[in-house]
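Colleague: my questions concern the predicted model and sequence given below.
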Amino acid sequence: MSPAPTTEDPATVGRRLQLTRATQWFAGTMDDPYALLLRAETTDPAPYEERIRAHGPLFRSELPDTWVTASRAVADEVIAAPAFDWLTADGLRPGARELPLSGTALDADRARCERYGAFTAWGGPLIPAPHGAALRESAERLAHVLLEGVAAALADGATADLVDAYARRLPALVLRDQLGVPGESAAAFDEALAGCRRTLDSVLCPQLLPDAVAGARAESELTAVLASALGGTPAGREPDAVAAARTLAVGAAEPATTLIANAVQELLAHPGQWAALAQDPALAAAAVTETLRVAPPVRLEWRAAREDTEVAGERIPAHGRVVILVAAVNRDPAGRDGIPASGNGVPPASGSGGGHIRTAPFDLARPEPVPGPFGLPGDLHFRLAGPLVRAVAEAALGALAVRLPGLRATGPAVRRRRSPVLHGHARLPVAAAPAARTPTATAARN
């Protein structure tokens, strides 16, 4: 279980966070493209990712002390290799000292996640849904309940933030329902879970001290809510149950929020694709697959070397860290999903812009690729959370297309600062043209 927020002097913690931020900042001024990604100051990280690709299958980022790859082959190798894990052989997370208050909910190695998986499997002690289709069906019912409020907020041409009104609320509601959180604890659960939204980003990017403190406190409060909810159940008597539930909740909530928001943003940017989904909500699964390829909800995956090993001809020492650029991996020419804009593998010149990165267009009619898009790998915390993230996103998009077929963007999406891992949304303003309530929508709610 998570400890209570650190008892270290806040000034000491704040200085360590500032020092790490300064190190990343200085590396960026030295034109290190990975450090520039960690700064998270641009709306489009792709040019920096393509500059990393130009260095070969494995790029060494000196000051951040990290190896970085945009290669599908290297990414697949690292994820599959037993030499890599979330924690080192002695149970440490690289960078944890330099990034205090970065949360512990996801600090579990493969062996522990395998144990947790017995709790979070379909039909297991923590997830009553017997399979993904059943969870999606349940999530769709909850989505239509939420969308009644969203539709009311959008009445008479009003605008709303789809992130706060829908994309963040639905995963929390589904998790609450599956984990059996009682109604009297719902508000505390939702607040604590929302407070953990920076966990994945904080593992690689120092957060502002007030946000870091709030995140640590939220993780402790989430643990307490889950312990209380599970305390009277058979599963709750198992020593790993609360930790498994917390890892599932934190690992699923914000990636699902980001996947929903990214999908809606992509669909509304391609009106023909949104119209196709509104015409046939069964295309929601294809929309999720395309979003995982074009705008994945987790852009930076990473693993720590448990022993001295070699990847792409480079020696990685024990405790070394390899970061995988997920979106870039899905554009890897070797993976046949896309090519750099120049067509010759040469990335843009240094700087925050650097030209347009071309990839295969967002297309709901595209046959599902084999292998599928890289992302939400089936080990570690996404072994637990990945299937739920995808099922909730599919439910969210299908219900949204049924209930609000006239949805449109009313302004640019706003991304959160210091969010290089998720590239998460702060706001996604939308409006909706009036639409008659369809029999399909009514049936889905009933």
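Modeller: All right, it came through fine. Bear in mind that the values here come from a model prediction, so they are computed numbers and not experimental data.

Colleague: sec struct for I324, please.
Modeller: Look at I324: counting by DSSP: H, G, I helix; E, B strand; the rest coil, its state is strand.

Colleague: surely it touches T66?
Modeller: No. Using C-beta atoms under 8 Å, I324 is not in contact with T66, being 10.9 Å away. Where C-beta positions appear, they are placed from N, C-alpha and C, glycine not excepted.

Colleague: residues shared between the contacts of those two?
Modeller: Residues within reach of I324 and of T66 at once, by C-beta atoms under 8 Å, 6 or more residues apart in numbering, are W302.

Colleague: which of these two has more neighbours?
Modeller: Set I324 next to T66 and count neighbours by other C-beta atoms under 10 Å: I324 wins out with 26 against 21.

Colleague: wait, a strand at E301?
Modeller: Yes. E301 forms part of a strand when assessed by three-state DSSP.

Colleague: apart from its chain neighbours, what residue comes closest to it?
Modeller: I324 (4.3 Å; C-beta to C-beta, 6 or more residues apart in numbering).

Colleague: pLDDT at that neighbour, what is it?
Modeller: We have a pLDDT of 98 for I324.

Colleague: then F189?
Modeller: Model confidence at F189 (pLDDT) stands at 98.

Colleague: G354 now?
Modeller: On pLDDT, G354 comes in at 39.

Colleague: who's in contact with stretch 204-212?
Modeller: Against stretch 204-212 from outside (C-beta under 8 Å, 6+ apart): 10, 13-14, 17-18, 20-21, 24, 38, 40, 95, 98-102, 198, 201-202, 215, 300, 302, 323, 418-421.

Colleague: what comes up buried for that stretch?
Modeller: Residues of stretch 204-212 classed as buried: L204, C205, P206, Q207, L209, D211, A212 (neighbour count, 16 or more other C-beta atoms under 10 Å).

Colleague: and the helix ranked longest in the chain, how far from the chain's centre?
Modeller: When the chain is scanned for its longest helix (criterion: DSSP state H), the result is helix 241-269. Distance, stretch centre to chain centre, for helix 241-269: 6 Å (C-alpha atoms, centre = their mean, to the nearest Å).

Colleague: mind saving the C-alpha coords of the following helix or strand past that helix as CSV?
Modeller: Next along the chain after helix 241-269, taking DSSP states H and E as the criterion, comes helix 271-279. As requested, the backbone C-alpha atoms of helix 271-279 are provided in CSV (Å, rounded to 0.1, in the frame of the first residue of the first chain):
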residue,chain,number,x,y,z
PRO,A,271,-15.6,15.4,-40.0
GLY,A,272,-16.1,12.5,-42.4
GLN,A,273,-14.8,10.1,-39.8
TRP,A,274,-17.1,11.5,-37.1
ALA,A,275,-20.1,11.3,-39.4
ALA,A,276,-19.2,7.6,-40.2
LEU,A,277,-19.1,6.8,-36.4
ALA,A,278,-22.4,8.7,-35.8
GLN,A,279,-24.0,6.7,-38.6
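
Colleague: which helices and strands does helix 271-279 pack with?
Modeller: Under the contact definition 3 or more C-beta pairs under 8 Å, 6 or more residues apart in numbering; DSSP states H and E, helix 271-279 sits against helix 241-269, helix 284-294, helix 380-403.

Colleague: so which residues make contact with it?
Modeller: Outside helix 271-279, the residues touching it (C-beta under 8 Å, 6+ apart) are 266-268, 283-284, 287, 362-365, 397, 401-402, 405, 407.

Colleague: and which of these is nearest H144?
Modeller: V402 (7.8 Å; C-beta to C-beta).

Colleague: for burial, what's the neighbour tally of the closest one?
Modeller: For V402, using other C-beta under 10 Å, the count is 25.

Colleague: my guess is it meets D280, correct?
Modeller: No. Using C-beta under 8 Å, V402 makes no contact with D280, being 10.4 Å away.

Colleague: which stretches of the stretch 51-200 of the chain form helices?
Modeller: 72-80, 110-120, 132-153, 162, 169-179, 186-195, 199-202 (DSSP state H, counting those that start in this stretch).

Colleague: now the helix or strand just after the last one: average pLDDT?
Modeller: On the C-terminal side of helix 199-202, the closest following helix or strand by DSSP H and E is helix 209-230. For helix 209-230, mean pLDDT is 97.

Colleague: and the buried residues of stretch 204-212, which two are the farthest apart?
Modeller: Using C-beta to C-beta, the two most remote members of the buried residues of stretch 204-212 are L204 and L209, lying 17.1 Å apart.

Colleague: any weak-confidence spans in the stretch 1-150 of the chain?
Modeller: In the predicted model of the stretch 1-150 of the chain, residues 1-7 satisfy pLDDT under 70.

Colleague: can you show me the strands along it?
Modeller: In the stretch 1-150 of the chain, the strands defined using DSSP state E, counting those that start in this stretch lie at 59-61, 66-69, 84-85.

Colleague: and the longest helix of the chain, what's buried?
Modeller: 241-268.

Colleague: repeat that for stretch 89-101.
Modeller: The neighbour-count check on stretch 89-101 (16+ other C-beta under 10 Å) flags R93, P94, G95, E98, L99, P100, L101 as buried.

Colleague: quick one: contacts of it?
Modeller: Stretch 89-101 is touched from outside by 5-6, 8, 13, 16-17, 19-20, 23, 86-88, 102, 107, 109, 202-207, 212-213, 215-216, 304, 306-307, 318-321, with contacts defined as C-beta under 8 Å, 6+ apart.

Colleague: and those, which are buried?
Modeller: For those, buried by 16+ other C-beta under 10 Å: 5, 13, 16-17, 20, 23, 86-88, 102, 107, 109, 202-207, 212-213, 215-216, 304, 306, 319-321.

Colleague: count of residues packed around A365?
Modeller: The tally of other residues near A365 (other C-beta under 10 Å) stands at 9.

Colleague: report the secondary structure state of it.
Modeller: coil.

Colleague: test for you: state the pLDDT assigned to the spatially closest residue to E254 that is not a sequence neighbour.
Modeller: Of all residues not flanking E254 in the chain, R197 sits nearest, at 4.5 Å (C-beta to C-beta, 6+ apart). Confidence at R197, expressed as pLDDT, is 98.

Colleague: hmm, A252 and R197 touching each other?
Modeller: No. Contact criterion C-beta under 8 Å: R197 and A252 do not qualify, at 11.7 Å.

Colleague: identify the contacts common to the two.
Modeller: Contacts common to R197 and A252, judged by C-beta under 8 Å, 6+ apart, are absent.
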